[in-house]
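Novice: Here is the input, now give the coordinates:
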Amino acid sequence: VIVPARYKQKILRWAPKQSEIWALDVRTGEVRWKYLVPLYYEWSAKGDMEGFSDRRVHVPMRLICLPAAWGSPTLTGDGAVHVGNMDGFVYSVRDANGDGFIDPETEVSRFDSGGA
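Specialist: A predicted model of the protein is given here:
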């Protein structure tokens, strides 16, 4: 389950966006683990500003893309979740030791895709 970005401040436009990745037990629906993704401080998806000037002239009704905060997650046989985020990173998260907690140092990797 991907918990969408939520805003940490009342002013939505510039507030950092916080999201979580959750793994649920397929039989019970109970949360097996959660991973709190680092805050994202931009107001649009990574890479969105590159085309801003052209869109401003040619497509003024849609200045920014504002894609969904997350891509569709992929689950692997070893229990890992792989998913892209609007911050431009593809995350791979796996509770390797099965303790129900995600250690960001040893159980999370991320790849900078260069855009969202």
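Novice: what's across from residue 110 in the sheet?
Specialist: Applying DSSP bridges to residue 110 yields these beta-bridge partners: residue 91.
Novice: That one contacts residue 90, correct?
Specialist: Yes - assessed by Cβ atoms under 8 Å, residue 110 is found in contact with residue 90 at 6.6 Å. Every C-beta, even on glycine, is put in place using the N, C-alpha and C of the backbone.
Novice: Overlap in contacts, these two.
Specialist: Contact with both residue 110 and residue 90 is made by no residue, according to Cβ atoms under 8 Å, 6 or more residues apart in numbering.
Novice: Show me the helices in this structure, by range?
Specialist: 52-58 (DSSP state H).
Novice: biggest strand in it by residues?
Specialist: Once the chain is assigned using DSSP state E, the strand that runs over the most residues is strand 17-24.
Novice: ok, and for that one, which residues are buried?
Specialist: Residues of strand 17-24 classed as buried under the neighbour-count rule (16 or more other Cβ atoms under 10 Å) are 17, 18, 19, 21, 23.
Novice: try stretch 24-43
Specialist: Applying 16+ other Cβ under 10 Å to stretch 24-43 flags 33, 35, 37, 40 as buried.
Novice: Take those residues and write them to JSON lines, including distance to residue 47.
Specialist: Formatted as JSON lines, those follow (distance: Cβ to Cβ, whole Å):
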{"residue": "33", "distance to residue 47": "30"}
{"residue": "35", "distance to residue 47": "23"}
{"residue": "37", "distance to residue 47": "18"}
{"residue": "40", "distance to residue 47": "13"}
